[in-house]
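>>> predicted model and sequence follow; I will ask about them next.
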Amino acid sequence: MSDYLSNYKLWSEDSYFDDATRQELFGIKADSKEIEERFYRDLEFGTGGLRGIIGAGTNRMNTYTVRKVTAGVADYINSVGHEAAQRGVAISYDSRHFSKEFASAAACVLAQKGIKVYLSDALRPVPLLSYAVRYYKAFAGIMITASHNPPKYNGYKLYGEDGGQVPPEAATQILIFRNAIEDIRKIKEMPLDVAIAGGRVEIFGKTFDDAYTEMLCELVIDRDAIAKQSDMSIVYTPLHGSGFRPVTRILSEVGFKNVHIVEAQAQPDGSFPTVKSPNPEDPAALQMGIDLARKVGAGLVIGTDPDCDRVGVSVLDKTGDGNKYQSLSGNQIGLLLMDYILGYKQQTGTLPDHSFAVTTIVSSRLAAIICEHYGVELQEVLTGFKFIGERIKIFDEEGDMHFQFGFEESYGYLSGLNVRDKDAVVASMLIAGMAAQSLEKGETLLERLADLYKRFGYGFEDAVSFTLEGKTGVEKIAATMSVLREQAELAQAGAMATLIPGVTIQAIRDYKTSRRYILGDDSKKTEEINLPTSDVILYELGGEKGMDWACVRPSGTEPKLKVYFGAYASDKESTNKVLDAQIRVIRAHVEAMLNR
C-alpha cells in the first residue's frame with residue numbers, strides 16, 4: 001500500500017483522531033485524487049512556516065499537523081538548551097477559522113515538553129506577536145494566520161528570538177525534528193488549564209498592549225501637522241481581521257479625532273463575508289470603506305488584512321467630479337512613506353549618518369533614487385520580510401548603521417526597531433500622519449505622489465499571478481521555472497532565440513544558482529549574486545533609463561506563480577506604454593509554458 005493510502009487509512013480509522021476528522025475522511029473514500037492531495041506529503045514550509053487549506057490530512061491545516069510541527073519546534077528548542085526552553089515561545093493568532101484552537105494546541109504541546117509559553121488572551125496581529133517575542137525576550141514566536149489568503153486557508157508562522165521570521169538554518173532543523181516524528185499519536189499535550197495553573201503558560205493582554213502602543217508613539221512623524229489636522233476625516237476597515245483594536249487605538253493616541261469605522265467589517269470573522277478576498281492589495285476589498293468615505297466626506301481610506309501586516313490605501317481624487325477614489329499601489333505607498341520619513345528627518349536634523357533603508361528585488365527601483373537623494377544607503381533583499389528583518393539585526397542591532405524604513409511591493413511596511421515583520425499598525429499611523437501633513441500643505445496624497453514623480457522620475461510596476469492548486473499545480477510551476485532556468489543558461493551561451501520573443505534582455509539573474517548572466521557580450525560574462533539562494537529569475541530589460549525589469553517566482557505562501565514588472569521613463573505616458581508592452585508579451589510567454 002502506498003504511503004498516502006496508509007496514512008489515509010490511519011487517519012480515517014484510528015480512534016486517536018476525533019470523530020469529525022474521521023467522518024470528513026470517510027466522505028472522500030471513493031475519491032482517490034482527493035485522498036492523494038490530502039496525504040501525498042506533510043504540509044510544506046513556505047515563507048516562514050506552514051500555510052494550507054483547512055481540513056483533515058497530512059497536507060492540510062488541522063490540529064494534528066499543528067501539533068506535529070509544534071513538537072518539532074519544541075524538540076529543536078530543547079536541543080538548543082535549558083535557557084532557550086525557559087525563555088520560551090510567544091503565541092498569538094488572528095480571526096481565521098480555528099486560529100484560537102490551533103494556538104491553544106501549540107501552547108499545550110510546548111508546555112508538555114517543558115517550554116515556557118506566553119499566550120495571547122485574544123486575537124492579536126503579526127506585528128504584536130513580533131513585538132511580544134522581543135518584549136518577553138522569548139526564544140521564538142508562533143503566529144497562527146494565513147495572512148490575506150481566502151477563507152479556506154490557515155497557517156503557522158514561526159519567528160526567531162529577534163522577532164523576525166525564523167531564519168533558514170533554524171527552519172531546516174525544525175523540519176528535521178518534525179520529520180523524525182514517525183507516529184503522530186505519540187505527541188502529548190498538557191491541558192491548558194493545568195499549564196496555566198502550573199506557570200508553564202502565561203497569558204498576556206492589556207499591559208502588553210500598553211507597551212506596544214507607547215513604543216509606536218515614539219515613531220510619530222511631524223506631530224505639529226497632526227495636531228493642526230486632528231479633525232481630518234479618516235475611514236478605517238480591519239476587513240474582519242485583527243487590526244481593529246490596535247489601529248484605532250494608535251490613531252486616537254496620536255491625536256486623530258475623526259476616524260470612521262466600517263462597522264460591517266469591524267468584527268472578526270474568518271469567513272470574511274463582505275469581501276471576495278480580505279486582501280488590501282485588491283482595490284475591491286476597500287469598496288465599503290470608499291462608500292463610507294463618500295458619506296462622511298473622508299479623503300483617506302485605510303484597510304488592513306486579517307493579520308494586520310499589510311495595509312491598503314484609497315484616496316480622494318479631487319479632479320473631475322471630485323467624488324472618485326483612487327487606490328495606491330504597494331510601491332506607491334512605500335515610496336511616499338520613504339520620502340515622508342527621510343524628508344522630515346533630514347529637514348529637522350534627526351536623520352543620523354550611516355542610515356539605511358531596505359526593500360526587495362521586486363519593488364520599485366525609484367526607492368534607490370529617493371535614498372540617494374537623502375544620502376541614505378538602500379539595501380535590496382529577496383522577497384519576504386524576514387530578509388528585511390535580518391538586515392535590521394545585522395546592520396543596526398549588531399552593526400553601526402541606523403535603520404529608517406523598509407518596504408516590499410506587496411503592501412508591507414516597517415518603521416522602528418522593535419518589530420521585525422511588516423507592521424500595518426505603524427504603517428496606518430504613518431499614512432494618516434502623512435495625509436495630515438499633506439493637508440496642512442494644501443495638497444492631497446495624489447498631488448503628493450505627482451510631486452514625487454516630478455522630483456524623482458516616473459516609474460510604474462505591476463504583477464500578474466497564475467493560480468495552480470494541488471499537486472499538479474506544484475509540478476507545473478516547478479517545470480516552468482526549470483524551463484526558464486534552462487533558457488537563461490542557453491542565452492548566456494549564445495542561444496538568444498530561446499529567450500522571450502519581442503523582449504530585449506540585457507542580463508538575467510538566477511537567484512537559485514546565484515549567477516547573473518550578462519547577455520549580448522562576446523565574453524559571455526557571469527557575476528555572482530551575494531544573496532541567499534531562491535527559486536527566482538529576474539530579467540534586466542534596460543529601457544529608457546536602464547532600469548526596466550521583469551521577475552518570475554513561485555509564491556512562498558500561496559499556490560501561485562507570480563510575474564512582476566517595472567518600467568521607468570521620462571513621462572507618465574511613455575512609462576505606462578512600456579509597462580503595458582512588458583506585461584502583454586511576458587505574461588503570454590509564461591502562460592504558454594504553464595499550459596503546455
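Noted; the coordinates are in hand. Numbering: from 1, shown residues only.

>>> mind giving me the packing neighbours of the helix or strand of the chain with the lowest mean pLDDT?
The weakest-scoring helix or strand in the chain, judged by mean pLDDT, DSSP states H and E, is helix 470-492 (a mean of 87). Applying 3 or more C-beta pairs under 8 Å, 6 or more residues apart in numbering; DSSP states H and E, one finds that helix 470-492 contacts helix 32-39, strand 507-510, strand 515-518, strand 537-542, strand 548-554, strand 560-569, helix 572-594. Bear in mind the C-beta positions are built from the backbone N, C-alpha and C, glycine included.

>>> now do it: distance to the chain's middle.
24 Å (C-alpha atoms, centre = their mean, to the nearest Å).

>>> for Y156, give me its contacts.
Y156 makes contacts with 49-51, 61, 66, 69, 102, 106, 142-144, as judged by C-beta atoms under 8 Å, 6 or more residues apart in numbering.

>>> just the closest of these to G299, please.
G299 has its nearest neighbour among the contacts of Y156 in M143, at 33.1 Å by C-beta to C-beta.

>>> burial count for the closest one?
Neighbourhood size, M143 [other C-beta atoms under 10 Å]: 33.

>>> backbone dihedrals for it, please?
Note on M143: backbone dihedrals following degrees, to the nearest 10 are phi -120, psi 120.

>>> give the bridge partners for it, please.
S92, K157 (DSSP bridges).

>>> so it makes contact with S92?
Yes - between M143 and S92 there is a contact under C-beta atoms under 8 Å: 5.6 Å.

>>> where do the helices sit along the stretch 151-300 of the chain?
168-179, 192-197, 206-217, 223-228, 244-254, 287-296 (DSSP state H, counting those that start in this stretch).

>>> the fifth one - contacts with which helices or strands?
Spelled out, it's helix 244-254. Here helix 244-254 touches helix 206-217, strand 234-237, strand 259-261, helix 424-440, going by 3+ C-beta pairs under 8 Å, 6+ apart.

>>> just those: most buried one?
Ranked by mean neighbour count, these are led by strand 234-237 with a mean of 28 (mean count of other C-beta atoms under 10 Å).

>>> can you list the helices and strands packed on helix 470-492 in a markdown table and add mean pLDDT, mean neighbour count and distance to I369?
Compiled in a markdown table, the helices and strands packed on helix 470-492 are given as follows (pLDDT from 0 to 100; neighbours: other C-beta atoms under 10 Å; distance: least, C-beta to C-beta, whole Å):
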| stretch | mean pLDDT | mean neighbour count | distance to I369 |
| --- | --- | --- | --- |
| helix 32-39 | 94 | 18 | 47 |
| strand 507-510 | 94 | 22 | 20 |
| strand 515-518 | 91 | 18 | 22 |
| strand 537-542 | 94 | 20 | 17 |
| strand 548-554 | 95 | 23 | 14 |
| strand 560-569 | 95 | 23 | 9 |
| helix 572-594 | 93 | 16 | 14 |
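
>>> could I get these as TSV with distance to L336?
TSV is the format used below for those (distance: least, C-beta to C-beta, whole Å):
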stretch	distance to L336
helix 32-39	43
strand 507-510	28
strand 515-518	31
strand 537-542	25
strand 548-554	21
strand 560-569	17
helix 572-594	17
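
>>> who wins for proximity to I341 among these?
strand 560-569 (22.3 Å).

>>> for C551, what are its contacts?
361-362, 536-539, 563-565.

>>> show me the shaky parts of the stretch 151-300 of the chain.
Counting by pLDDT under 70, the stretch 151-300 of the chain shows no low-confidence range.

>>> what's G406 in contact with, if anything?
Contacts for G406 (C-beta under 8 Å, 6+ apart) come out as 357-359, 385, 388, 391-392, 413-414.

>>> that one and Y159, how far apart?
The span separating G406 from Y159 equals 16 Å under the rule C-beta to C-beta, to the nearest Å.

>>> what does stretch 567-574 contact?
Contacts to stretch 567-574, defined as C-beta under 8 Å, 6+ apart, come from residues 365-366, 453, 457-461, 543-545, 547-548, 575-576, 578-579, 582.

>>> and if you look at stretch 205-213?
120-122, 128, 131-132, 135, 245-246, 249-250, 253.

>>> need the buried ones from these selected in PyMOL.
Listed next is the PyMOL selection for buried residues among the contacts of stretch 205-213, using 16 or more other C-beta atoms under 10 Å:
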select buried, resi 120+128+131+132+135+245+246+249+250
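
>>> list residues touching both of M143 and S92?
126, 129.

>>> wait, what's in contact with the nearest residue to P191 once chain neighbours are set aside?
Take P191 and drop its neighbours on the chain: the residue closest to it by C-beta to C-beta, 6 or more residues apart in numbering is C108, 6.9 Å away. Neighbouring residues of C108 by C-beta under 8 Å, 6+ apart: 189-192, 195.

>>> care to break this protein down by domain?
Residue ranges for the domains of the chain, per automatic domain parsing: 41-204, 212-327, 331-457, 459-594.

>>> now those in JSON lines, with distance to I28?
What follows is those, written out as JSON lines (distance: least, C-beta to C-beta, whole Å):
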{"stretch": "domain 41-204", "distance to I28": "9"}
{"stretch": "domain 212-327", "distance to I28": "23"}
{"stretch": "domain 331-457", "distance to I28": "34"}
{"stretch": "domain 459-594", "distance to I28": "14"}
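
>>> which residues are in contact with the closest residue to K525 other than its chain neighbours?
Spatial nearest neighbour of K525, chain neighbours left out: I518 (4.4 Å); criterion: C-beta to C-beta, 6+ apart. Applying C-beta under 8 Å, 6+ apart, we find I518 in contact with 492, 506-507, 524-527.

>>> and the end-to-end length of stretch 345-353?
Stretch 345-353 has an end-to-end distance of 11 Å (criterion: C-alpha to C-alpha, to the nearest Å).

>>> with stretch 397-409 instead?
End-to-end distance of stretch 397-409: 25 Å, with C-alpha to C-alpha as the criterion.

>>> and it, which residues are buried?
Result for stretch 397-409 [16+ other C-beta under 10 Å]: buried residues 401, 403-409.

>>> what's the answer for stretch 85-95, then?
In terms of neighbour count (16+ other C-beta under 10 Å), stretch 85-95 has its buried residues at 85, 87-95.

>>> in helices, which of those fall?
Counted as lying in helices by DSSP state H, out of the buried residues of stretch 85-95, are 85, 87.
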